[in-house]
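Asks: give me coordinates for this.
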Amino acid sequence: EDAGYNPHSLAGSDTALFIGTGPSGYASLLDRAGVPVEGYSAPGIVASVGPNRMSFLLDLHGPSEPIETACSSSLVAIHRGLLALRAGHCRIAIVGG
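Replies: A predicted model of the protein is given here:
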């Protein structure tokens with residue numbers, strides 16, 4: 001959040017995005033409320049959609065990957081970000097959980 005980069009300055013770059021993610025419980029809320037699952041529900045239900053939607057929104061062209069490894073998701077995200085940087089797959093890696 002406070003890295004000093006304007007998100008618009010990253011548009012079109014090879015910036016990578018590695019995000020530790022997991023189930024949100026949104027599907028069970030919809031089910032209890034009797035709301036049918038529709039096309040627009042998927043981004044809230046399927047955790048893997050989030051990081052790729054962020055890459056699309058920010059116009060990032062580097063690797064974009066959801067990571068779900070239970071308690072270590074954030075640490076694995078950092079590790080994969082470092083690997084991508086070292087391998088030259090991106091110039092900048094945004095990682096988080």
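Asks: which stretches of the protein form strands?
Replies: Applying DSSP state E to the chain gives strands spanning 16-20, 64-67, 93-96.
Asks: neighbouring strands - and their directions - for the longest one?
Replies: Using DSSP bridges, the strands paired with strand 16-20 in its sheet are strand 64-67 (parallel), strand 93-96 (parallel).
Asks: quick one: mean pLDDT over that strand.
Replies: Across strand 16-20, the average pLDDT comes to 96.
Asks: kindly report the same for the last one.
Replies: What strand 93-96 shows for mean pLDDT is 94.
Asks: buried sites along that strand?
Replies: For strand 93-96, a neighbour-count test (16 or more other CB atoms under 10 Å) marks 93-96 as buried. Where C-beta positions appear, they are placed from N, C-alpha and C, glycine not excepted.
Asks: distance from that strand to the middle of the chain?
Replies: Taking the mean of its C-alpha atoms, strand 93-96 sits 9 Å from the chain's own mean (CA atoms, centre = their mean, to the nearest Å).
Asks: hmm, who's touching it?
Replies: By CB atoms under 8 Å, 6 or more residues apart in numbering, the residues outside strand 93-96 that reach it are 15-20, 60, 62, 74, 77-78, 80-82, 84-85.
Asks: could you identify the buried members of the residues you listed?
Replies: Buried among the contacts of strand 93-96 by 16+ other CB under 10 Å: 15-20, 60, 62, 74, 77-78, 80-81, 84.
Asks: what's the end-to-end length of stretch 86-97?
Replies: Taking CA to CA, to the nearest Å, the first and last residues of stretch 86-97 lie 21 Å apart.
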